[in-house]
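[1] I'll drop the sequence and a predicted model, then ask my questions.
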Amino acid sequence: MIDTGRATYAWRGVPSVEPWGRPATRALWAVHERDPDGFWTLKEGYYDERDAIDTDTVADATRSLLADRDVNADPDTVVGAMDGGNPDIEDHVAADEAAAKENEVDTLPGFVLFRGGS
């Protein structure tokens with residue numbers, strides 16, 4: 001989340017865009033816990049490499065992106081979170097999906113302007 005005092009940008013991960021989106025979204029949240037700037041770096045890497053990533057290669061691609069782009073997060077921890085075993089990350093994913101559904105956002109990128117609430 002970016003908050004300048006005038007407007008807030010809240011990123012919501014909706015893992016339905018790519019077939020490999022759910023594990024990638026989990027990896028993004030795992031990185032965010034350790035390196036918020038690295039979150040954006042990994043997200044950019046996923047966009048840059050999306051044509052070369054599939055469900056079979058997303059874990060290896062994540063390891064490569066973490067190393068190649070100097071993200072400050074343990075690759076084993078991040079890749080380990082991709083299987084859905086981290087309850088905190090699953091809570092983030094569930095909250096993002098609920099917010100998307102509530103705001104009728106089913107494609108990305110999506111932007112929703114609101115007063116109050118989330």
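    Yep, that arrived.
[2] how long is stretch 49-57 from one end to the other?
    11 Å (Cα to Cα, to the nearest Å).
[3] wait, stretch 48-57
    Its first and final residues considered, stretch 48-57 spans 15 Å by Cα to Cα.
[4] neighbouring contacts of that stretch?
    Here stretch 48-57 makes contact (Cβ atoms under 8 Å, 6 or more residues apart in numbering) with 18-20, 23-24, 46, 61, 65. Every residue, glycine included, has its C-beta placed from N, CA and C.
[5] one more: stretch 61-73?
    Outside stretch 61-73, the residues that touch it by Cβ under 8 Å, 6+ apart are 23-24, 27, 30-31, 34-35, 38, 41-42, 44-46, 49, 52-53, 75, 78-79, 82.
[6] let's see that with 10 Å instead.
    Applying Cβ atoms under 10 Å, 6 or more residues apart in numbering, the contact partners of stretch 61-73 are 20, 23-24, 26-28, 30-46, 48-50, 52-54, 57, 74-76, 78-79, 81-82.
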